[in-house]
Every structure is written in structure tokens, then in C-alpha cells.
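Give me a model of this one.
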Amino acid sequence: MSETTARTYRVRHVTTYEYEDDVTSSYGWAYLTPRDAPGQQALSAEVTVAPAGLVANGQPDFFGNHASYFEVHTPHRKLVVTAESRVVVDRPRFELATLDDVRWDEVGPYEPFADVPDAPMLAAHYRLESPRLAIEPVATLARSWFTPGRPLGEALHALVHGIYAGFRYRSGVTTVTSSLSEVLARREGVCQDFAHIAVAAIRWAGLPARYVSGYVETTPPPGQPKLQGADASHAWVSVLVPGIGWVDLDPTNDGVVDSAYVVTAWGREYTDVPPLKGVIFTESANSTLSVAVDVERL
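I've put the predicted structure just below:
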């Protein structure tokens, strides 16, 4: 790895659920630990639950992500899931201008990816609509970014900046079930929403795009602004470029992903890789959720 950009991080993600009545059993999957990926190497990872219960690391899923399975059978009104890991990241910032020697509309959906392993699978799963991520709602926006004959790098920059400038980051106005149409109507949301817009727009253009879940560095270097999404799980988009590979873009922060980002998982959309999902057995009518994330550079 490069000596100039490599960073080692300690990542701590604590999720706390509180209930009004006893939970007799809780079962869940956690996508909370970094995966090995280009420019990234996971050194260690551990997921714990309180009250104590069974925690097991599952086999890689269809997309190669590592999720931890847990179950708790001690009656409880508070469940705390803690994930701690260490990871080395060496991801130099990619210059989109290097893609301007090709027009986006000259890049076909299949043939240019012949040199990429499992290219047909990538095109099928990352280029088409997925269960909760339709393409048609973003068609108008996508046409404004991917104009005929526009260089690919310029088009991707227009997409990233267009989402950043055209939508307001505001927590609490959308949920994990909000549709693209709802987000487009509100013109505000969070990183998950902006990543979904980007994924759908890139797929509209005929390129494979995947939803990426992870973290960004909590405390930036002196003189640099703190990124949106730094205090919780973050999300961005990755596009497959012929001859280059996957290029990661962050529309929430109007930029290209670099060594300040830690990847945990990727899939077609949020529902493939939520930080936590599961089932509980309880009579409680209400619950509260709190999340604390710290990405510390060592």
C-alpha cells in the first residue's frame, strides 16, 4: 500500500435499542464490520451484544459481504449491539477528469466489461432495477446530467454535484422505507437517499452501479471540514468504469471517495446491506433507537 495515503482506523459502532416492555427473544444480522476490498484491508473485527447472547460470523453473502448473526434469549428492555474493528485504508482520490476521453453514451452495458470477472452478473444485478430502487423516478434528473455526447467524467461530476447542490441534508425527514419519488418531492434527506438517487441515475445511463455502506472519518485533519454522515453509518455510490474498475463517489459530500472512507458492505440498494436487521418478540408498543459511531485514525 502507498505510504502517502494509507491510514489505520479504529472503528466503534454502538447501537442501542430500548423498549417499554420486556423483549423475550431477539434475532438479528449486523453488517457493521469492514470488508476486504480494493484499497482496504480489515485487520480485526468483533461484534458483541448486551445482554450476552450468541454471536456468530456468517458465511459471505451473495455480494461477498460478511455479516454477524446474533440472538439473545435473556428477557431485556435494552439491547446494545457493539461492533469494534481495525482497518487499513489506502485509497488515493480518483480524478474524474481522467474519464473524459470517452463519452458516457459510448459505454455499452455488457461488452466493455469483458475483462472484469463475473461481468454478466455485475451487469444484471447492478445495472437493472432492484426490488425497492426504481429507475424511472430519476429519469428527468439523469437526463440533465447524462446529456448526449457528454464526457463520462464530466457527467459523473455533474451527477455528484447536482445531488449535493439540489438536495438538503436533513435527518429525520425520511426513513429507510422512503421511496425515491418521496425523496425527489421533498428535495431533502440523508446519505442513504442521495446514494439511491445516484445509483438509479447511473443505472439509467446503462452503467452498473452499487450502493455502498460504511463510515467516514469522524475527526477530519486540521483545516478540513467535517463530512456529513460522520457520526453514523454512511452511504455512497460505486460505478463500474471500463478499463478502470469501480469508482466510488459521495454525492452527500460532493466528492470522490478516498482514504477517509471505510467500506463495510455493498449491494443493489439499502435493503441488501442495512447496518442491522432482525426480529424481536415483545408486547412493547414503542421503542427508541440511538446510534454512536467513532472512526478514529491511529
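
where exactly do the helices run in the stretch 151-298 of the chain?
Assigned by DSSP state H, counting those that start in this stretch, the stretch 151-298 of the chain shows helices spanning 152-166, 180-186, 191-204.

partner strands of the helix or strand harbouring V23, parallel or antiparallel?
Secondary structure here is read from DSSP states H and E; on that basis V23 sits in strand 7-30. Looking at strand 7-30 with DSSP bridges, its paired strands and their directions are strand 68-72 (antiparallel), strand 76-89 (antiparallel), strand 276-282 (antiparallel), strand 287-297 (antiparallel).

Next, the buried residues of it.
Of the residues in strand 7-30, those scored as buried under the neighbour-count criterion (16 or more other CB atoms under 10 Å) are 7, 9, 11, 13, 15, 17, 19, 23, 26-30. Using the backbone N, CA and C atoms, a C-beta is placed for each residue, glycine as well.

again with stretch 242-262
Judged by neighbour count using 16+ other CB under 10 Å, the buried positions of stretch 242-262 are 242, 246-262.

out of those residues, which are inside strands?
W246, V247, D248, L249, D250, G255, V256, Y261, V262 (DSSP state E).

ok, now which ones touch the second one?
Residues in contact with V247 (CB atoms under 8 Å, 6 or more residues apart in numbering) are F94, L96, L99, L156, S238, V239, L240, V241, V256.

try the first one
With contacts defined as CB under 8 Å, 6+ apart, W246 is in contact with P38, R210, S238, V239, L240.

Which pLDDT value goes with the third one?
We note a pLDDT of 96 for S238 in this prediction.

Bridged to it, which residues?
Assessed by DSSP bridges, S238 has beta-bridge partners R210, D248.

That one touches D248, doesn't it?
Yes. Using CB atoms under 8 Å as the test, S238 is close enough to D248 to be in contact (4.7 Å).

any residues in contact with both of those two?
With the criterion set as CB under 8 Å, 6+ apart, the overlap between the contacts of S238 and D248 is V212.

what are the C-alpha coordinates of stretch 200-220, in PDB please?
Included here for stretch 200-220 are C-alpha records, laid out as PDB according to Å, rounded to 0.1, in the frame of the first residue of the first chain:
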ATOM      1  CA  ALA A 200     -30.600   4.900 -10.000                       C
ATOM      2  CA  ALA A 201     -29.300   7.700 -12.300                       C
ATOM      3  CA  ILE A 202     -26.200   5.800 -13.200                       C
ATOM      4  CA  ARG A 203     -28.200   2.700 -14.000                       C
ATOM      5  CA  TRP A 204     -30.500   4.900 -16.200                       C
ATOM      6  CA  ALA A 205     -27.300   5.700 -18.100                       C
ATOM      7  CA  GLY A 206     -26.700   2.000 -18.700                       C
ATOM      8  CA  LEU A 207     -23.700   1.600 -16.300                       C
ATOM      9  CA  PRO A 208     -23.600  -0.800 -13.400                       C
ATOM     10  CA  ALA A 209     -23.800   0.900 -10.000                       C
ATOM     11  CA  ARG A 210     -23.900  -0.400  -6.500                       C
ATOM     12  CA  TYR A 211     -24.900   1.000  -3.100                       C
ATOM     13  CA  VAL A 212     -22.100   1.100  -0.600                       C
ATOM     14  CA  SER A 213     -22.400   1.200   3.100                       C
ATOM     15  CA  GLY A 214     -19.600   2.200   5.500                       C
ATOM     16  CA  TYR A 215     -18.200   5.100   7.500                       C
ATOM     17  CA  VAL A 216     -16.200   8.300   7.100                       C
ATOM     18  CA  GLU A 217     -13.500   9.600   9.400                       C
ATOM     19  CA  THR A 218     -15.100  11.200  12.500                       C
ATOM     20  CA  THR A 219     -12.500  13.900  13.000                       C
ATOM     21  CA  PRO A 220     -11.000  15.400   9.800                       C
END
